[in-house]
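# 3D, please:
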Amino acid sequence: NMSRIDLISPPQFELSAFKDPLAAVLQAADIACFQLRLKDAPDDVWKKAVSALMPLCAARDVAFILNDRADLVFETGADGVHIGRTDMPYAEARHMLGEKKIIGVSCYASKDAAMEAAAAGADYVAFGSVFPSSTKEDAPLVSPQVLEDWAQMATTPCVAIGGITAENCAPLVRAGVDFLAVIGAVWNHPTGPASGVKILQQAIENAKKEA
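Below you'll find the predicted structure:
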């Protein structure tokens with residue numbers, strides 16, 4: 001059981017001011033992948049952000065995933081895409097990107113949707129919200145049972161997202177969740193992002209020992 005951190009960019013950030021905190025966070029913990037989320041940003045903003053941030057991730061062997069924008073994966077050299085319910089269908093994204101790129105699919109609270117995505121060949125499925133979250137206020141909560149069942153029966157890795165912090169992550173780690181997606185727990189941590197991610201990493205390690 002190896003729960004690792006899936007780091008998602010903050011909802012808003014100034015690119016030049018974000019590079020150093022991102023580098024510090026990547027250095028401070030075991031980050032499996034970084035997902036760039038830029039709500040409604042034009043293509044050139046995406047491209048600038050990828051070219052500025054992807055080298056930091058590549059240097060630490062951290063996968064670089066674009067949220068929603070499968071159409072920009074090849075052009076930017078990103079490792080893959082994360083698609084939600086309102087984005088393109090999985091089959092279309094796979095057809096566009098081929099077998100080598102990572103495609104993750106948001107399945108919200110639905111085990112059926114996750115089974116469908118996994119059967120179709122998704123590289124991972126995401127369940128959320130697992131806790132009440134400031135970024136997704138109206139999202140239905142996922143029952144811990146769904147996560148436990150998935151971890152026990154499925155071979156496709158799962159990501160848990162939504163309100164995850166150092167204080168509440170232990171049950172997810174014990175349930176066998178592969179990746180813990182975090183935003184606020186890192187970027188809004190009162191002692192700063194690098195310190196926040198260290199505290200989270202320590203909580204994950206502690207929970208693994210109890211598992």
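
# residues touching stretch 199-211, excluding its own?
Stretch 199-211 is contacted from outside by 1, 3-5, 28-30, 165-167, 169-174, 176, 180, 182, 185-186, 189, 191, using C-beta atoms under 8 Å, 6 or more residues apart in numbering. (Each C-beta comes from the backbone N, C-alpha and C, glycine too.)

# tell me the buried residues in it?
Neighbour counts over stretch 199-211 (16 or more other C-beta atoms under 10 Å) mark 199, 200, 201, 203, 204, 207 as buried.

# kindly report the same for stretch 120-134.
122, 123, 124, 125, 126, 127, 128, 129, 130, 131, 133.

# tell me which two of the residues you listed sit farthest apart.
Pairwise distances across those (C-beta to C-beta) peak at 24.2 Å, for the pair 123 and 131.

# and stretch 90-105, how far out from the chain middle?
Counting by C-alpha atoms, centre = their mean, to the nearest Å, stretch 90-105 is centred 16 Å from the centre of its parent chain.

# and stretch 65-85, by the same measure?
Remark: stretch 65-85 is offset 13 Å from the chain centroid, using C-alpha atoms, centre = their mean.

# between the two ends of that stretch, how far is it?
17 Å (C-alpha to C-alpha, to the nearest Å).

# for that stretch, buried residues please.
Within stretch 65-85, the residues scored as buried using 16+ other C-beta under 10 Å are 65-70, 72-73, 76, 78-83.

# what separation do you get for residue 79 and residue 176?
Distance from residue 79 to residue 176, counting by C-beta to C-beta, to the nearest Å: 24 Å.

# just residue 185 next, same as before
Here residue 185 is placed at a distance of 20 Å from residue 176 (C-beta to C-beta).

# what do you get for residue 108?
From residue 108 across to residue 176, the span is 20 Å (C-beta to C-beta).

# quick check on residue 38: phi, psi?
With angles defined as degrees, to the nearest 10, residue 38 sits at phi -130, psi 100.

# quick one: secondary structure of residue 140?
The three-state label given to residue 140 by DSSP: H, G, I helix; E, B strand; the rest coil is coil.

# more neighbours, residue 185 and residue 176?
residue 185 (23 against 16; other C-beta atoms under 10 Å).

# got the CA positions of stretch 180-196 in PDB?
These are the backbone C-alpha positions of stretch 180-196, laid out as PDB (Å, rounded to 0.1, in the frame of the first residue of the first chain):
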ATOM      1  CA  LEU A 180      -4.300  11.700  -2.500                       C
ATOM      2  CA  ALA A 181      -5.000  14.800  -4.500                       C
ATOM      3  CA  VAL A 182      -4.400  18.000  -2.600                       C
ATOM      4  CA  ILE A 183      -4.800  21.700  -3.200                       C
ATOM      5  CA  GLY A 184      -5.600  23.800  -0.100                       C
ATOM      6  CA  ALA A 185      -3.700  21.500   2.300                       C
ATOM      7  CA  VAL A 186      -0.500  22.500   0.500                       C
ATOM      8  CA  TRP A 187      -1.000  25.900  -1.000                       C
ATOM      9  CA  ASN A 188      -3.000  27.400   1.800                       C
ATOM     10  CA  HIS A 189      -1.100  25.900   4.700                       C
ATOM     11  CA  PRO A 190      -0.600  28.500   7.400                       C
ATOM     12  CA  THR A 191       3.200  27.600   7.700                       C
ATOM     13  CA  GLY A 192       3.600  27.700   3.900                       C
ATOM     14  CA  PRO A 193       3.400  25.200   1.000                       C
ATOM     15  CA  ALA A 194       6.700  23.300   1.600                       C
ATOM     16  CA  SER A 195       6.000  22.900   5.300                       C
ATOM     17  CA  GLY A 196       2.400  22.000   4.500                       C
END
